[in-house]
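In: Curious how this folds, go ahead:
(2 chains)
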Protein chains: 2
Amino acid sequence: MRAEIITIGDELLIGQVINTNAAYLGRELGALGIPVMRETTVGDDLAATLKEFRRAWNSSDVVIVTGGLGPTHDDISKAAVAKFFRAKMSLHKPTLKAVRERFARLGYKTMPEINIGQAMVPEGFVALRNERGTAPGLLLHQNGKTFVILPGVPMEMEFVVSTGVLPFLKKKYKNDLVAIKHRTLNTAGIGESVLAEKIGDPAKFLRAGTTLAFMPNAGGVRLRISVHASSAAAANREIARVEAILSKRAGTFIVGTDEESLQSAIVKQLAAERKTLSTAESCTGGLIASMITTVAGASKVFFGAVVAYDNKIKVRELGVNQKTLDQFGAVSEETACEMAEGVRKRMGTNFALSVTGIAGPDGGTAQKPVGTIWIALAEKGTKIITKKLQGDFGRKINRERAAAAALEMLRRRLITSLRGDLQ
Amino acid sequence: MRAEIITIGDELLIGQVINTNAAYLGRELGALGIPVMRETTVGDDLAATLKEFRRAWNSSDVVIVTGGLGPTHDDISKAAVAKFFRAKMSLHKPTLKAVRERFARLGYKTMPEINIGQAMVPEGFVALRNERGTAPGLLLHQNGKTFVILPGVPMEMEFVVSTGVLPFLKKKYKNDLVAIKHRTLNTAGIGESVLAEKIGDPAKFLRAGTTLAFMPNAGGVRLRISVHASSAAAANREIARVEAILSKRAGTFIVGTDEESLQSAIVKQLAAERKTLSTAESCTGGLIASMITTVAGASKVFFGAVVAYDNKIKVRELGVNQKTLDQFGAVSEETACEMAEGVRKRMGTNFALSVTGIAGPDGGTAQKPVGTIWIALAEKGTKIITKKLQGDFGRKINRERAAAAALEMLRRRLITSLRGDLQ
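Out: Residues are numbered from 1 along each chain as shown, chains lettered A, B, ... in the order given. Now for the predicted structure:
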């Protein structure tokens, strides 16, 4: 069993849009048990698209194509599909009805004519419902192989994959699926080659079907164990076996596992402890609150935030002392502490995080250059912890670093308190 | 002239890492004047990699490969290159020296043996300096074609591209470069097909070498004009010609161009009018504030926000009447109005936006299903404007749609006031 992905769109080749669809499909197909072996991106070009269809359809069992299904002139995928499979188009009435209803729901009196094309389906293809847009997914199963074409807008593509494509593949290929499991151990404070020396020759402990990847980035080196096995149980056992070896050899350099986001770990930990949180944000401008509230269920632990971008708001809404601002400045440990304690009291939460800093590009001084950021963590009944960040990585990264550092500060505090240790 | 990109790494195929390298290379090569026609991703597999090298080298003038150059067992790219070009490896002393110095600088007494491999270069290849890591880029120019392989870590890849690859290509292909220019017009408040009807048949106004793409996302539909021309001046003239046509036909639905986002347009307009803004956010959880504060200089017009995730905070911090919450609920037009007016008064701003809704996945009811969102815009001295959103697109998109709709409401208000019209 092998799948491959073709993503169509000039916007991908010129780098205007980052290809998140390929990553989503790789994850979802892998989780189902169908490994993706190749991904190709081509532009909005009929000849180039047909060439890829031919190559992919000859070499893979499952071909998933995204993009180029919209109603406008630059969407050429459906014509390419019809040409490639020599299929006539016919009107799919349920799709036309759904598209008409969608326009009515959005308050249009009439549906633009151009959308009738959205309901045309090549012969032999099944139309897959798309509740988030007008282009249905299209699926063909022929001689044991499956060809699927999907809209390129991620929210539409994801809807059609989860409701139409995955259920179909799961049923059709149930005897061919493999159990594919991954586990990533995140390390910090050690370089790739030194870590490799500690771990030793992977050939000595990896079995067939198991791979180990070293993935360095700015935060550290991640170690990913990947297993293909006949059952989920066997895959999990193998993951556990290799993880035990790596944990022993890489020891305290391992700081966490998998993709659990910092904010979801925090929401989970706060909920477990029945503790609550608020934030007071200056240079992060609501980014921390926004990150926390991406987590479903955050409402149980997160009361709210005050984004105090203006100094007057710091005084009026957070109770920061005007004297503190005058004496130490808005970007100071003292102001960060008063912001954190101010929001904690106002919101009535157990914890509060505050951030104040100079995100740039303007506003830096010799004493406090762009990138100078103070973070404070207030906790009911104990003293405030603070941290200073320095270094200018550009406005966007400065803000993201500050938000991540604040969340990491809270996560470390929660781990410590769970362990019953003293800070 | 055509370039193509090959990115190597299991982490890309399984969707653990999103392929940002391909987008970066597409942007940089395009800006130089070399169009990228194709991008392929394969796993850490020698046979699959060799197959792609063969296909790409036969069909493109410039082939850029990223990934698999690290020092560990899973990095197979250099072996693939040596095999494909039948090149012997030899030690490149300047690279070995640079790697040794890097380890010394990082505080290591000795360099791990495994890194000697990083200094091995296939015959005929030039080693390109990498100051951000240990793997040099490798470049071969043969029979007018260029083959480059680069480390996969983005910050390392970007260093080698900007300091080594682009200068080489610019010099070597100076007579073959084309001027490639793009311009994107961002629209809001209009669907793709209705916009297409307004614009009419692009074939009637596009010349050869010029394309127009419709790119819908949660914030609106973007229109991208792309031009390939013989000179930058000719390309810019053609862009201006098409932009004038689109601007006339799409009128006020165009909210900004290129990277100018809704929020930066708003910050600019508020600054021009010397008006100020605050936000009161429930389901968006600080997302609007965070979007506004991504804009450098936002501090001039944005005072702050109250993220009132919990109902108690809505009452205490925003002055929402408990009776309003009891009678109409937190997700209601009435609550949205009180939130907007509450934050506007507290922060002392001219405008205030509020959002309250059910982002999901939980919390929906028959009367107020997930995706029900109320938005209000308060303005000093005039009555509050409100808007209701409906439809569930998943938590993430529900939040983004709400934030975009709120910002668009304010932008429309600002346009109207600039014109001196009444709302």
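In: only C-alpha atoms for contact and neighbour calcs from this point on.
Out: OK.
In: who touches stretch A:112-119?
Out: By Cα atoms under 8 Å, 6 or more residues apart in numbering or on different chains, the surrounding residues in contact with stretch A:112-119 are A:69-72, A:91-93, A:95-96, A:99, A:134-136, B:193-194, B:197.
In: Sort out which residues of that stretch are buried, please.
Out: For stretch A:112-119, burial by neighbour count (16 or more other Cα atoms under 10 Å in any protein chain shown) applies to A:115-119.
In: nearest to A:Val36, of those?
Out: Taking Cα to Cα as the measure, A:Val36 sits nearest to A:Gln118 out of these, at 28.4 Å.
In: returning to what we had before: among the contacts of stretch A:112-119, the buried ones, what's the ChimeraX command?
Out: In ChimeraX, this line selects whichever of the contacts of stretch A:112-119 come out buried by 16+ other Cα under 10 Å:
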select /A:69,70,71,72,92,95,96,99,134,135,136 /B:193,194
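In: sorry, back to before: between the buried residues of stretch A:112-119, which sits nearest B:Ala405?
Out: Within the buried residues of stretch A:112-119, proximity to B:Ala405 (Cα to Cα) peaks at A:Asn115, which comes in at 24.2 Å.
In: Model confidence for the closest one, exactly?
Out: Looking at A:Asn115, its pLDDT reads 88.
In: re earlier: tell me which of the contacts of stretch A:112-119 is nearest to A:Pro202?
Out: A:Leu69 (44.9 Å).
In: element containing the closest one?
Out: Under DSSP states H and E, no helix or strand contains A:Leu69.
In: Poorly predicted segments of the stretch 251-400 of chain A, please.
Out: In the predicted model of the stretch 251-400 of chain A, residues A:255, A:259-260 satisfy pLDDT under 70.
In: can you give me the strands for it?
Out: Along the stretch 251-400 of chain A, counting by DSSP state E, counting those that start in this stretch, strands occupy A:254-257, A:277-281, A:302-308, A:351-357, A:373-379, A:385-389.
In: any residue of stretch A:372-385 up close to chain B?
Out: No: Stretch A:372-385 stays clear of chain B (Cα under 8 Å from any Cα of the partner chain), getting no nearer than 15.5 Å.
In: typo on my end, stretch A:306-325
Out: Yes: residues of stretch A:306-325 contacting chain B under Cα under 8 Å from any Cα: A:306-310, A:313.
In: list the contacts for A:Leu13?
Out: Going by Cα under 8 Å, 6+ apart, A:Leu13 touches A:41-43, B:22-23, B:26-27, B:36-39.
In: Please disregard the earlier target; I meant A:Leu177.
Out: Counting by Cα under 8 Å, 6+ apart, A:Leu177 makes contact with A:1, A:32-34, A:170.
In: Can you list the buried residues in the lengthiest helix in chain A?
Out: Longest among the helix segments of chain A by residue count, using DSSP state H, is helix A:395-419. For helix A:395-419, a neighbour-count test (16+ other Cα under 10 Å) marks A:395-396, A:398-411, A:413-414 as buried.
In: Residues of the stretch 301-423 of chain A that sit close to chain B?
Out: Residues of the stretch 301-423 of chain A lying close to chain B (Cα under 8 Å from any Cα) are A:302-310, A:313, A:347, A:360-362, A:395-396.
In: make it 7 Å
Out: With Cα under 7 Å from any Cα of the partner chain as the criterion, the stretch 301-423 of chain A comes near chain B at residues A:302-310, A:313, A:347, A:361, A:396.
In: top of these by neighbour count?
Out: Among these, the one with the most neighbours (other Cα atoms under 10 Å in any protein chain shown) is A:Val307, at 35 neighbours.
In: ok, it - contacts?
Out: Applying Cα atoms under 7 Å, 6 or more residues apart in numbering or on different chains, we find A:Val307 in contact with A:280-282, A:285-286, B:304-306.
In: Would you check which pair of these lies furthest apart?
Out: Across the contacts of A:Val307, the longest distance by Cα to Cα is 12.0 Å; it joins A:Ser282 and B:Val306.
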